[in-house]
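Undergrad: sequence and predicted structure below; questions after.
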Amino acid sequence: MVFPEVEHVAASSYLRELAASDCSPATVRSYAFALLRWFRFLHERFLGWERAERADVRAFVEHLRETPNPQRQRRRPDAPAAGSLNPRTGKPTPGGHYAARTINHQLSVLFGFYEHTCTAGLGPLVNPVPAQRARDGGRVFAHHNPMEDFVVRRRASYRQRPAKPVWRALPDDAAEQLFAVLRCHRDRALISFWLSSGARAAELLGLRHGDLDVGARTITVISKGSRAREAIPASVDSFAWLALYLAEQRPPLVEGGPVWWTRTPTPRPLNYHAARAVLQRANTVLGTNWTLHDLRHTAAQRMLADPAFTLVDVQTILRHASVTTTQIYTRPRLEELIEKVFEHYARPPTPAPTLDPGYNADAVHELLGLTP
């Protein structure tokens, strides 16, 4: 890392520590940008990073809560207002400020950075960032002593309260409308694979020739967390659309080469931003705001709606490390709850229980102590 004009020794040392700990390049890059945001904030206050105190961390959190996110300002002139609800999908548009999860991630990065510099003797003696620790000094989520009462752990200082995960799956009619406005076989194959396999966007875009098993109807992807090569099933329709796409593909099919290419005069491997632009064009036509990750939610919801799938089955296909993550997809949609409420009130009331004609009413009332 170079800041402001020379290499930042402490930051480079921390990033090397992350890389040596088998963190993915995307994680190291994310941590580097978080550190750069912190250094720029201190630079504007004419304060060195090694002299930062807890009050400066608090001021930084307040700055992130109030300052507009530069990424949110790169909107088209006709884009909806930040934070507004889409009338077609009911999903909110991303807000104009930094999200709570972004601030929490920033604090986690800074805490790890200062822990490293304190240990290596490159910075202050005390970490200025509050740790996410229990009030009694114990480890968070440690094994509970059955002889002690349960204690509700509060959030650490400056940690934000993130919003609860919301429903992000496409209804069946919305998925059909989305599929109808796609322009080419490549886009139809991509959407079909995302909707049937539940693969993440980057995982499917990294597919290469040799990762396709048409006979077994599986594709081999590199999982995001473990970075292991794992085979996941996909629908027959997905491979049919893929065959149509490969039949018209201009770059030659090379073993080990990328499967997905752009449709420009000079084809290039399709990256995440180009794939997101494909979905954005469809959103513009439909007036929606679906995202690529919503397609993974849709695949999970469809599997969970099938009685043949168990929660562990879906967890294995989605490659979640914990089944609690998969449980997010089990939440009912608001539209389904509204229909159930309407059915509840439209259903005739259940008649009150009465005595069987074969019983003596006076005897039953006397037995139960009821007034006839």
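TA: Great, that's in hand.

Undergrad: so which helix or strand takes in the spatially closest residue to residue 34 that is not a sequence neighbour?
TA: For residue 34, the nearest residue in space outside its immediate sequence neighbours is residue 109; the separation is 4.0 Å by CB to CB, 6 or more residues apart in numbering. (Glycine included, C-beta is placed from N, CA and C.) Secondary structure assignment for residue 109, by DSSP states H and E: helix 100-120.

Undergrad: which strands or helices does that helix pack on?
TA: Using 3 or more CB pairs under 8 Å, 6 or more residues apart in numbering; DSSP states H and E as the contact criterion, the secondary-structure elements in contact with helix 100-120 are helix 9-20, helix 25-44, helix 54-66.

Undergrad: follow-up on the earlier one: where does the residue nearest to residue 34 land on pLDDT?
TA: What the model reports for residue 109 is a pLDDT of 95.

Undergrad: surely it touches residue 33?
TA: No - between residue 109 and residue 33 there is no contact, the gap being 9.2 Å when judged by CB atoms under 8 Å.

Undergrad: the more surrounded of those two?
TA: Between residue 109 and residue 33, residue 109 has the larger neighbour count (other CB atoms under 10 Å), namely 21 against 12.

Undergrad: gap between that one and residue 58?
TA: Taking CB to CB, to the nearest Å as the measure, residue 109 falls 16 Å from residue 58.

Undergrad: all strands of this structure, in order?
TA: Chain-ordered strands for the chain, with DSSP state E as the definition, fall at 212-213, 218-222, 229-233.

Undergrad: need those in TSV with distance to residue 279 and mean pLDDT, can you?
TA: As requested, those are arranged in TSV below (distance: least, CB to CB, whole Å; pLDDT from 0 to 100):
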stretch	distance to residue 279	mean pLDDT
strand 212-213	23	92
strand 218-222	19	93
strand 229-233	21	93
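
Undergrad: nearest to residue 267 among these would be which one?
TA: When these are compared by CB to CB, strand 212-213 sits nearest residue 267, at 19.0 Å.

Undergrad: could you list every helix and strand in contact with the closest one?
TA: Checked by 3+ CB pairs under 8 Å, 6+ apart, strand 212-213 has strand 218-222 packed alongside it.

Undergrad: if we go to 10 Å?
TA: strand 218-222, helix 236-247 (3 or more CB pairs under 10 Å, 6 or more residues apart in numbering; DSSP states H and E).

Undergrad: pick the most deeply packed of the ones you listed.
TA: Per-residue neighbour counts averaged over each of the helices and strands packed on strand 212-213 give the maximum for strand 218-222, namely a mean of 19 (mean count of other CB atoms under 10 Å).

Undergrad: now it, how far from the centre of its chain.
TA: Going by CA atoms, centre = their mean, to the nearest Å, the spacing between the C-alpha centre of strand 218-222 and its chain's C-alpha centre is 20 Å.

Undergrad: which helices and strands sit right next to that strand?
TA: Taking 3+ CB pairs under 10 Å, 6+ apart as contact, the helices and strands that strand 218-222 lies on are helix 185-197, helix 201-205, strand 212-213, strand 229-233, helix 236-247.

Undergrad: the last one to strand 218-222, inter-axis angle?
TA: It stands for helix 236-247. With axes from the mean of the first three to the mean of the last three CA atoms, to 10 degrees defining the directions, helix 236-247 sits at 80 degrees from strand 218-222.

Undergrad: re the thing from before, reformat the helices and strands packed on helix 100-120 as JSON lines; add mean pLDDT and distance to residue 299.
TA: Formatted as JSON lines, the entries for the helices and strands packed on helix 100-120 read as follows, by pLDDT from 0 to 100; distance: least, CB to CB, whole Å:
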{"stretch": "helix 9-20", "mean pLDDT": "94", "distance to residue 299": "32"}
{"stretch": "helix 25-44", "mean pLDDT": "94", "distance to residue 299": "23"}
{"stretch": "helix 54-66", "mean pLDDT": "94", "distance to residue 299": "34"}
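
Undergrad: now tabulate the ones you listed in JSON lines and tack on distance to residue 340.
TA: What follows is the helices and strands packed on helix 100-120, written out as JSON lines (distance: least, CB to CB, whole Å):
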{"stretch": "helix 9-20", "distance to residue 340": "48"}
{"stretch": "helix 25-44", "distance to residue 340": "41"}
{"stretch": "helix 54-66", "distance to residue 340": "38"}
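
Undergrad: relative to residue 317, which of the ones you listed is closest?
TA: Distances from residue 317 to each of the helices and strands packed on helix 100-120 were compared by CB to CB, and the smallest falls on helix 25-44, at 22.7 Å.

Undergrad: distance between that closest one and the chain's centre?
TA: The chain centre lies 22 Å from the centre of helix 25-44; the measure is CA atoms, centre = their mean.

Undergrad: helices and strands around it, which ones?
TA: Counting by 3+ CB pairs under 10 Å, 6+ apart, helix 25-44 packs on helix 9-20, helix 54-66, helix 100-120.

Undergrad: most tightly packed of those helices?
TA: Per residue and on average, the most neighbours among these fall to helix 100-120, with a mean of 18 (mean count of other CB under 10 Å).

Undergrad: which residue is nearest the middle of this protein?
TA: Per CA atoms, centre = their mean, the C-alpha nearest to the average position across the chain is that of residue 293, at 7.0 Å.
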